[in-house]
Structures are given as structure tokens and as C-alpha cells.
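Take a look and give me a structure for this.
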Amino acid sequence: MGEKQTGLRLTQGISRACQIHPAKTAVICGSERLSWADFSARIARLATVLRGQGVAAGARVAILAESSPKYLEAYYATLWAGGIIAPVNSRFALGEMSEMLRDCAPTVLLADDAFLPQATQLAASLHPAPQLLCLDTLALETVTPMEDAAAGGDDIACLFYTGGTTGRAKGVALSHANLALNALNISGPLSLNEEMVHLHCGPLFHLGAGARVFATTFFGCTHVVLPRFDPGQVLETIARERVTHVVIVPTMAVALLAVPDFDAHDLSSLRILSYGAAPMPAALRDALLARLPGCGLLQSYGMTETSAVVTMLPPAWHDPARGKNGTAGRALAGIDLRIAGPDDQPLPLGEVGEIQVRGPTVMRGYWNQPELTARTVVQGWMKTGDAGHLDAEGFLTVVDRLKDMIISGGENIYSTEVENAIHDHPAVLECAVFGVPDALWGEAVHAVVLPRPGCVVDSAHVISHCRARIAGYKCPKSVTIATEPLPRSGANKIVKTSLRAAFRVPALEESPR
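Here you go, the predicted model:
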């Protein structure tokens with residue numbers, strides 16, 4: 001690997017795992033099994049192919065595919081060749097994909113059979129056109145493996161695109177050091193060791209899943225991959241492969257608990273179920289604790305721009321007696337956390353303001369957007385766009401996205417508080433709360449509610465239910481009863497911008513998420 005001194009590098013996890021237990025299973029997907037030796041060899045051979053197509057230091061490799069072992073190989077082969085991973089959100093419309101690819105200008109576009117038609121169309125539309133390679137037809141057996149290019153430290157490793165419902169797409173540039181430090185930081189709360197079996201059931205184009213890929217590899221654990229989230233398959237896979245760790249978002253938890261034979265699956269191997277990316281309603285959290293008595297819940301708070309995790313609430317702190325299970329936990333090692341006012345000055349403990357983060361996991365910046373980077377990271381502090389407060393023990397409570405805060409009659413109303421109250425109703429499956437224009441109050445609270453199958457709930461019932469739990473001014477003034485699941489992003493989060501459009505609420509500028 002020459003004389004280059006790289007600092008932390010993501011590919012080191014591959015080398016170490018192959019060195020300490022080459023015959024151990026590295027990746028499982030259905031009936032497919034790969035040892036660390038086989039996985040490492042395929043990565044080094046695919047890196048040779050990429051190098052032959054012009055991928056060298058700093059070149060971008062876009063990936064448009066379903067989650068699979070080949071997707072993981074594409075991650076690491078790109079890094080092994082010295083390139084930058086640029087995963088494409090497969091749920092984007094073709095125009096959105098094209099915008100992203102024009103922005104990152106990939107040298108190579110990797111696709112699988114499922115997305116080859118779209119990839120072919122995209123490659124032909126770009127100038128210069130990337131080399132298009134199909135992951136499902138590449139013959140790697142006779143390719144000579146290359147040595148690790150040893151990119152690392154502050155070298156950019158990944159571009160994850162975020163936001164993007166309005167305005168220009170934002171490519172978040174994360175370095176090897178950013179992502180490696182995140183992997184090391186989360187290892188303690190997650191109790192990572194070589195015996196961990198991690199299920200990846202979220203999309204690998206999203207950092208929520210991608211960050212766990214890097215952590216799982218760093219500690220030589222076993223990856224279990226599902227092509228897409230299917231609640232029944234998740235439960236079957238946990239039982240069959242004796243999965244110990246999985247990460248989900250709240251909407252996925254709702255779907256898992258709704259599986260009719262949930263209790264028939266042997267989930268005793270599961271040690272930690274992590275959740276994050278969106279607020280977890282208290283009623284849903286309590287239902288998970290009741291249905292998974294042998295499994296610890298762990299909450300993560302963070303965002304793509306912080307490589308992902310800022311705070312964690314480990315299982316022990318989910319004990320109601322400790323009084324912290326409504327918080328997002330405390331900052332991880334090496335991360336500075338503060339609550340700031342509109343002037344970016346720190347606020348006293350307990351006061352609500354913007355959550356701001358500083359430390360070695362904060363992004364290198366937005367790709368090709370220096371002005372946006374300068375507005376988002378000010379004197380080293382990352383402006384998250386989230387509202388929250390800290391207590392005397394450093395526990396963070398996230399109250400809302402700043403753009404989702406409703407100001408009605410001069411009062412600040414946090415949509416998550418109202419959503420928690422609505423979720424406490426046993427007939428409610430999911431809901432979203434946001435402000436709508438009101439001539440008298442400026443904004444009024446509106447809720448969209450999807451009942452559970454077989455349940456009936458009306459607007460008056462929802463409002464009266466809320467009045468028994470929160471102040472009257474916080475309660476919805478109007479309610480829409482939905483008949484279809486609420487719109488979701490590629491990361492399975494409810495998209496309020498789509499719901500706002502139905503009420504002609506002006507779109508707000510996307511914050512850095």
C-alpha cells in the first residue's frame with residue numbers, strides 16, 4: 001500500500017476481519033453466504049474493474065440498486081479503489097436521479113438488473129456519460145485483485161444526498177474519518193463485538209443503514225441484508241439467522257407490530273433494536289418494550305450531516321423509573337452539543353432553541369455548495385434545524401423541526417407533542433401534525449390521522465382525545481381522516497411537505513437533514 005499515511009480509513013475493517021477470521025460468515029442474503037475471505041476478494045477484484053474504468057482518487061461511483069451483498073461490495077470496492085460512494089435514492093423520480101447525478105458527475109454508474117433500464121436512460125442523458133456497469137453480470141472470478149488504495153482521514157468517502165423536496169439537491173460530503181469515528185463512537189452503546197449479527201432492512205442509499213454497514217464491518221460482525229423492508233420477512237429473518245441488532249424508524253415499528261403472527265416468531269436472539277430518524281411516539285415505544293421483553297431499545301438522534309449519530313439513549317435509560325425515556329439521550333464522546341437562540345448564542349438549560357453540534361463527525365460540507373455550507377456550519381457549529389432543550393445531566397429532548405413548529409396566536413406549538421397525544425389513542429395507526437393558514441390565529445393546528453384497520457375514528461373524537469392530554473391551544477382545530485398510508489420518504493419517514501401541499505401551505509426551505 002506504499003508510504004501513504006491515511007489515518008482512519010473505512011476499508012481497514014475489511015482487512016482486519018479478513019485477517020482475524022477469514023472463514024467466518026461476513027454477509028448473508030437469503031441462501032447466499034459469503035465468508036470474510038470471499039467478500040474481501042470480491043471487493044478487491046471489483047475495485048480493479050472500477051480502476052480500469054477510470055476510478056481513482058476522488059472519482060465518484062454512483063450506485064442504483066436494491067440492497068444486496070453486491071451493494072455492500074460496491075460500497076467497499078469504490079473505497080478500495082480510492083473513489084467516493086454516491087448512492088442513488090431508488091425511490092426518486094427519474095428527473096430527481098438525473099439532477100443528483102449531474103451534481104456529483106460520476107465516473108461510473110453501477111446498477112443491478114432491477115434498475116438497469118433507468119440506469120441506461122440516465123447514463124445516456126449525462127454529459128460526460130459515466131461508464132455503466134451491471135452488478136449482476138460482472139464476471140469477477142478471473143480479475144486480478146488490486147491492493148487497497150488506502151484513502152482515509154479527511155479524504156471524502158461518501159456523498160449522501162439529503163433534503164431535496166424543494167430547491168437544489170444537497171450532496172453531503174462525509175470523510176473516512178467522519179464515518180469511522182461514528183462507527184467507533186456508537187460501538188459502546190450498541191455493545192458491538194464479533195458475535196453481533198446485524199440486519200440491514202433499511203435502504204442502503206440512506207446513511208441510516210449505511211452507517212451501520214461501516215460499524216458492522218469495523219468490528220468484524222456479520223451482515224444480514226434484505227432487498228427491501230418487508231415486516232414479515234424481517235421477523236422471519238431475525239428468527240432464522242439469529243439476528244442480534246437491527247435499526248428501524250418508527251413507521252417500520254408500526255408495520256412490524258401489525259404483523260398478525262408477530263408473537264409466533266422466535267425473536268429471543270435480538271439484543272438491541274435501535275430507532276431514530278423521526279420521533280418515536282411514547283405509546284409505540286411502550287408497545288415495543290412490552291412485545292420484546294428480552295430486547296433493549298436504543299434511540300439515536302442525528303442526521304446525515306453529522307455522519308449520523310449525535311446522541312444515544314441506551315437500553316438502561318429506557319427504564320421509566322429513571323425519567324429519561326422521553327429524551328434522545330446524551331452526546332457521544334467527542335461531540336459538543338448546545339442549544340442556541342436565533343443569534344446563535346447558547347441558551348440556559350431547559351430553554352428551547354436550535355440544536356447545534358460541533359465535532360469530528362460533522363460533514364466536510366455540501367458538494368459544490370460552499371455558500372450553503374457556510375450558512376449551515378458557522379464557526380464549527382452545525383446548525384441542525386431541529387428545536388430542543390438540554391437538562392442538567394446533558395440529556396437532549398428534541399421537540400420538533402424548527403420548520404414544523406406552529407405559531408398560533410403567538411404561542412409556540414410543537415407538532416411532535418400533538419402527534420404523541422394522538423398516537424396515544426388505541427385506534428390510531430399513524431398521524432402527522434402541521435400548521436395551516438388561519439385568518440384569526442395566523443396558523444392553526446391540523447392533523448392527518450390514519451386509523452388502524454377495522455377501527456373508526458372521527459375528527460371530533462380525535463380533538464376531544466387531545467383535550468384530555470394537552471393544553472387546549474395545542475389541540476388540532478381540524479382533522480383529516482386518511483384512508484391510505486401517509487406519504488413516506490426513501491428513509492420511511494412521513495413527508496409533511498406532501499401533506500402541506502394538499503392544504504396549499506407554502507413550502508418552507510429545506511433544512512439540512
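
Would you map the strands across the stretch 301-450 of the chain?
Applying DSSP state E, counting those that start in this stretch to the stretch 301-450 of the chain gives strands spanning 308-313, 330-331, 336-340, 353-358, 365-366, 377-378, 381-390, 396-401, 406-408, 411-413, 428-438, 442-451.

meant to ask about the stretch 51-200 of the chain, not that
According to DSSP E, counting those that start in this stretch, the stretch 51-200 of the chain carries its strands in the segments 60-64, 84-87, 108-111, 131-134, 156-162, 170-175, 197-200.

re the thing from before, tell me which of the strands of the stretch 301-450 of the chain lies nearest to residue 145.
Evaluated over the strands of the stretch 301-450 of the chain, closeness to residue 145 peaks at strand 308-313, with 30.6 Å, by CB to CB. For every residue, glycine as well, the C-beta is placed using N, CA and C.

Pull the contacting residues for residue 382.
Residues near residue 382 by CB atoms under 8 Å, 6 or more residues apart in numbering: 305-306, 356-358, 362-363, 376, 512.

got the strands of the stretch 301-450 of the chain as JSON lines, with distance to residue 116 columns?
Shown next, in JSON lines, are these (distance: least, CB to CB, whole Å):
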{"stretch": "strand 308-313", "distance to residue 116": "30"}
{"stretch": "strand 330-331", "distance to residue 116": "44"}
{"stretch": "strand 336-340", "distance to residue 116": "44"}
{"stretch": "strand 353-358", "distance to residue 116": "39"}
{"stretch": "strand 365-366", "distance to residue 116": "30"}
{"stretch": "strand 377-378", "distance to residue 116": "38"}
{"stretch": "strand 381-390", "distance to residue 116": "37"}
{"stretch": "strand 396-401", "distance to residue 116": "37"}
{"stretch": "strand 406-408", "distance to residue 116": "45"}
{"stretch": "strand 411-413", "distance to residue 116": "48"}
{"stretch": "strand 428-438", "distance to residue 116": "34"}
{"stretch": "strand 442-451", "distance to residue 116": "35"}
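
Residue 142: which of the strands of the stretch 51-200 of the chain is closest?
Residue 142 sits nearest to strand 131-134 of all the strands of the stretch 51-200 of the chain, at 16.1 Å, using CB to CB.

Which strands or helices does that closest one pack on?
For strand 131-134, the packing partners by 3 or more CB pairs under 8 Å, 6 or more residues apart in numbering; DSSP states H and E come out as strand 108-111, helix 116-125.

Where does pLDDT dip in this protein?
Residues of the chain that meet the criterion pLDDT under 70 lie in 1-5, 163-168, 503-513.

Per the annotation, how does it divide into domains?
Split into domains by automatic domain parsing, the chain comes to 12-182, 229-401, 405-502.

how about a markdown table for those, with distance to residue 201 added?
Converted to a markdown table, the domains of the chain look like this (distance: least, CB to CB, whole Å):
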| stretch | distance to residue 201 |
| --- | --- |
| domain 12-182 | 8 |
| domain 229-401 | 5 |
| domain 405-502 | 10 |
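
Between these, which one is closest to residue 188.
Nearest to residue 188 among those is domain 229-401; the distance by CB to CB comes to 8.0 Å.

For the closest one, measure first residue to last.
Start-to-end span of domain 229-401 (CA to CA, to the nearest Å) is 26 Å.

and what of stretch 309-324?
End to end - CA to CA - stretch 309-324 spans 18 Å.

Stretch 408-428 now?
25 Å.

starting at the chain centroid, how far to it?
Put simply, stretch 408-428 sits 24 Å off its chain's centre (CA atoms, centre = their mean, to the nearest Å).

I'd guessed residue 43 sits against residue 70; true?
No. Using CB atoms under 8 Å, residue 43 is not in contact with residue 70; the gap is 10.7 Å.

Neighbour count: those two, which is higher?
A count of neighbours by other CB atoms under 10 Å puts residue 43 above the other of residue 43 and residue 70, at 27 against 24.

List the contacts of the more buried one.
Residues in contact with residue 43 (CB under 8 Å, 6+ apart) are 14, 73, 76-77, 80.

Mind putting these into TSV with neighbour count and distance to residue 402?
Shown next, in TSV, are these (neighbours: other CB atoms under 10 Å; distance: CB to CB, whole Å):
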residue	neighbour count	distance to residue 402
14	23	40
73	25	39
76	25	37
77	28	39
80	31	40
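
quick one on the thing from earlier: figure out which of the helices and strands packed on strand 131-134 is closest to residue 427.
Proximity to residue 427 (CB to CB) singles out helix 116-125 among the helices and strands packed on strand 131-134, at 40.0 Å.

next one: that closest one to chain centre, how far?
26 Å.

Also stretch 125-132?
Centroid separation for stretch 125-132 versus its chain: 28 Å, with CA atoms, centre = their mean.

so residue 72 sits right up against residue 225, yeah?
Yes. The criterion here is CB under 8 Å, and residue 72 meets it with residue 225 at 6.9 Å.

Distance-wise, check residue 54 relative to residue 11.
In this structure, residue 54 and residue 11 are 20 Å apart, going by CB to CB, to the nearest Å.

do residue 86 as well
Distance from residue 86 to residue 11, by CB to CB: 17 Å.

likewise residue 303?
Distance from residue 303 to residue 11, by CB to CB: 25 Å.

More neighbours: which of these two?
Between residue 303 and residue 11, residue 11 has the larger neighbour count (other CB under 10 Å), namely 29 against 25.

that's a strand at residue 47, yeah?
No. Judged by DSSP: H, G, I helix; E, B strand; the rest coil, residue 47 forms no part of a strand; its state is helix.

Could you report the neighbour count for it?
Other residues lying near residue 47 total 27 when counted by other CB under 10 Å.

So it is in contact with residue 73, correct?
No. With contact defined as CB under 8 Å, residue 47 does not count as touching residue 73 (9.4 Å).

So what does residue 467 look like in phi/psi?
Note on residue 467: its backbone torsions stand at phi -60, psi -20 [degrees, to the nearest 10].

Contact partners for it?
residue 475.

redo that, cut-off 10 Å
By CB atoms under 10 Å, 6 or more residues apart in numbering, the contact set of residue 467 is 421, 474-476.

Next one: the closest residue in space to residue 229 that isn't next to it in sequence from residue 377, what distance?
Setting aside the residues directly before and after it, residue 229 is nearest to residue 201 in space (CB to CB, 6 or more residues apart in numbering), at 5.0 Å. From residue 201 across to residue 377, the span is 32 Å (CB to CB).

What of residue 143?
For residue 143, the distance to residue 377 - CB to CB - is 41 Å.

and the gap between the closest residue to residue 135 other than its chain neighbours and residue 126?
The shortest distance from residue 135 to any non-neighbouring residue, by CB to CB, 6+ apart, is to residue 70 (4.4 Å). Separation of residue 70 from residue 126 (CB to CB) stands at 23 Å.

got it, and residue 497?
Residue 497 is 27 Å from residue 126, by CB to CB.

same question, residue 378
Between residue 378 and residue 126 the distance is 34 Å, computed by CB to CB.

Using the three-state scheme, assign residue 28.
Counting by three-state DSSP, the backbone at residue 28 sits in strand.

Test of understanding: give the bridge partners of the closest residue in space to it that isn't next to it in sequence.
Of all residues not flanking residue 28 in the chain, residue 224 sits nearest, at 4.6 Å (CB to CB, 6+ apart). Counting by DSSP bridges, residue 224 forms beta bridges with residue 28, residue 199.

so residue 308 touches residue 302, yeah?
Yes. Counting by CB atoms under 10 Å, residue 302 is a contact partner of residue 308 at 4.4 Å.

Spell out which residues are contacts of both of the two.
By the contact definition CB under 10 Å, 6+ apart, residue 308 and residue 302 are jointly contacted by 182, 186, 207-208, 211, 276-277, 361.

give the contact list for the residue most central in space within the chain.
When CA atoms, centre = their mean is applied to the chain, the residue found nearest the centroid is residue 208 (2.5 Å). Contacts for residue 208 (CB under 10 Å, 6+ apart) come out as 160, 200, 202, 247-249, 274, 276-277, 300, 302-304, 308-309, 491-493.
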